[in-house]
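*Asks:* task: produce atomic coordinates for the following.
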Amino acid sequence: MFRRATLAAAFAAVMLLPAQAADGPKVVATFSILGDLVTNVGGDRIALTTLVGPDGDAHVYAPSPADAKALSEAKVVFTNGLKFEGWIDRLVKASGTKARVVEAAKAVTPLESEDDHEEAGHDGHGHEHGHDHSGHAHGSHDHGGIDPHAWQSVANTKLYVAAIRDGLIAADPEGQTTYEANAAAYLARLDALDAEVRAAVARIPEADRKVITSHDAFGYFARAYDLTFIAPQGRSTEAEASAKDVAALVRQIKAEKVKAVFVENITDKRLVEQIARETGAVVGGTLYSDALSSADGPAGTYIDMVRHNIKALSAALSS
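*Replies:* Residues are numbered from 1 along each chain as shown. This next block holds a predicted model:
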């Protein structure tokens, strides 16, 4: 009798767990990095669907009927904003969702086209350069002149977390205490991460803080941490670099003695490898820009992604 009662109690306890999750709000995040931030704030209280998964390219994503269904059932939808998800407005309309749509980057001061900074004659740090810290080899822009990759600055990511916290509280007021506590704990971890990145960059000689990447996704990282990133592609992976762009970049790399080039997890590595061959620069590994890795990879969370990237940069630029 005791064993039967114990099993019955255990079964009842287990059954309470999914019921609690099911009672929480259904939430959608547009891409993997944002999904991880939402998970850290929402915890087990929410049921999260992430549209563009690990190693997925949100620039060229094509939403599915399942995505429309997820939006139609959601209570809140988190987007990056800054024109990052060119498909999201159409998806929201097609889904007929009544969900609250929250732009996580709404409080961010966006970086604009590097052409604007060049006209000013500096890169925002008072340094004179031929290009700014996020300069790329051509002037085409696919986000209306705005850089949408704001999460690459940890300080900006703290603004995302605040927007996520407030969005969840508005959608689920009963969870306010949980969301506030989770957000506070995660913000403390982000403060520690920011300090870690700054300490790592400080150990890289200033003359060597120049990096080549596949597409221009690291402008906020460059501005926040005083590095220079140069890319043959623009801020969207939809636009291919022309032969003229690549030739100009090769000349620039040789002239400025850039030491390392990096591939990205969402882009074709062949172009970067070609540039490395033509310039003698070392391929420094893979950087994670617009998407996390799989959970068992080196960048399965946002914090892991930033740590992986700064370690890869430090190893290549300090050698």
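*Asks:* all helices of the stretch 51-200 of the chain, in order?
*Replies:* Taking DSSP state H, counting those that start in this stretch as the criterion, the stretch 51-200 of the chain contains helices spanning 65-73, 88-95, 114-120, 154-171, 176-202.
*Asks:* okay, the angle between the last one and helix 154-171?
*Replies:* What that stands for is helix 176-202. Orientation of helix 176-202 against helix 154-171 (axes from the mean of the first three to the mean of the last three Cα atoms, to 10 degrees) gives an angle of 170 degrees.
*Asks:* from the chain's centre, how far out does helix 176-202 sit?
*Replies:* Chain-centre distance of helix 176-202: 16 Å, with Cα atoms, centre = their mean, to the nearest Å.
*Asks:* quick one: low-confidence ranges for the chain?
*Replies:* Where the chain drops to pLDDT under 70, the residues are 1-23, 113-144, 232-241, 266-268, 319.
*Asks:* circling back to that earlier point, including mean neighbour count and distance to Thr30, could the helices of the stretch 51-200 of the chain go into CSV?
*Replies:* Heads up, the C-betas are built off the backbone N, CA and C, glycines and all. Converted to CSV, the helices of the stretch 51-200 of the chain look like this (neighbours: other Cβ atoms under 10 Å; distance: least, Cβ to Cβ, whole Å):
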stretch, mean neighbour count, distance to Thr30
helix 65-73, 17, 9
helix 88-95, 17, 6
helix 114-120, 15, 25
helix 154-171, 21, 12
helix 176-202, 15, 19
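*Asks:* which one of those lies nearest to Ala58?
*Replies:* helix 88-95 (9.3 Å; Cβ to Cβ).
*Asks:* from the middle of its chain, how far away would that closest one be?
*Replies:* Taking mean C-alpha positions (Cα atoms, centre = their mean), helix 88-95 and its chain are 22 Å apart.
*Asks:* could I get that helix in CSV with only the CA atoms?
*Replies:* Taking C-alpha atoms only, helix 88-95 is exported to CSV below (Å, rounded to 0.1, in the frame of the first residue of the first chain):
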residue,chain,number,x,y,z
ILE,A,88,8.8,39.5,-39.9
ASP,A,89,6.1,42.1,-40.8
ARG,A,90,4.7,39.9,-43.5
LEU,A,91,4.8,36.9,-41.2
VAL,A,92,3.0,38.8,-38.4
LYS,A,93,0.3,39.9,-40.9
ALA,A,94,-0.1,36.4,-42.4
SER,A,95,-0.4,34.8,-39.0
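*Asks:* list the helices and strands that helix packs on?
*Replies:* Judged by 3 or more Cβ pairs under 8 Å, 6 or more residues apart in numbering; DSSP states H and E, helix 88-95 is in contact with helix 65-73.
*Asks:* the helix it packs on to helix 88-95, inter-axis angle?
*Replies:* Using the same axes, to 10 degrees, helix 65-73 lies at 80 degrees relative to helix 88-95.
*Asks:* so what touches helix 65-73?
*Replies:* Helix 65-73 has contacts (Cβ atoms under 8 Å, 6 or more residues apart in numbering) with 26, 28, 49, 51, 77, 91-92, 94-97, 99.
*Asks:* distance to Arg45 for the helices of the stretch 51-200 of the chain - can I get that in JSON lines?
*Replies:* Formatted as JSON lines, those follow (distance: least, Cβ to Cβ, whole Å):
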{"stretch": "helix 65-73", "distance to Arg45": "17"}
{"stretch": "helix 88-95", "distance to Arg45": "23"}
{"stretch": "helix 114-120", "distance to Arg45": "41"}
{"stretch": "helix 154-171", "distance to Arg45": "8"}
{"stretch": "helix 176-202", "distance to Arg45": "5"}
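*Asks:* find the pair from the contacts of helix 65-73 with maximum spatial separation.
*Replies:* Based on Cβ to Cβ, the longest span within the contacts of helix 65-73 runs between Lys26 and Ala94 and measures 17.7 Å.
*Asks:* would you check that Asn265 makes contact with Ala291?
*Replies:* Yes. Between Asn265 and Ala291 there is a contact under Cβ atoms under 8 Å: 6.2 Å.
*Asks:* now do the strands in the chain.
*Replies:* 26-31, 47-52, 76-79, 100-103, 111-112, 146-147, 210-212, 228-230, 260-264, 282-287 (DSSP state E).
*Asks:* backbone dihedrals for Thr97, both of them.
*Replies:* phi -60, psi 150 (degrees, to the nearest 10).
*Asks:* who touches it in this structure?
*Replies:* For Thr97, the contact set (Cβ under 8 Å, 6+ apart) comprises 71-72, 74, 77.
*Asks:* for it, give its distance to Lys69.
*Replies:* Separation of Thr97 from Lys69 (Cβ to Cβ, to the nearest Å): 10 Å.
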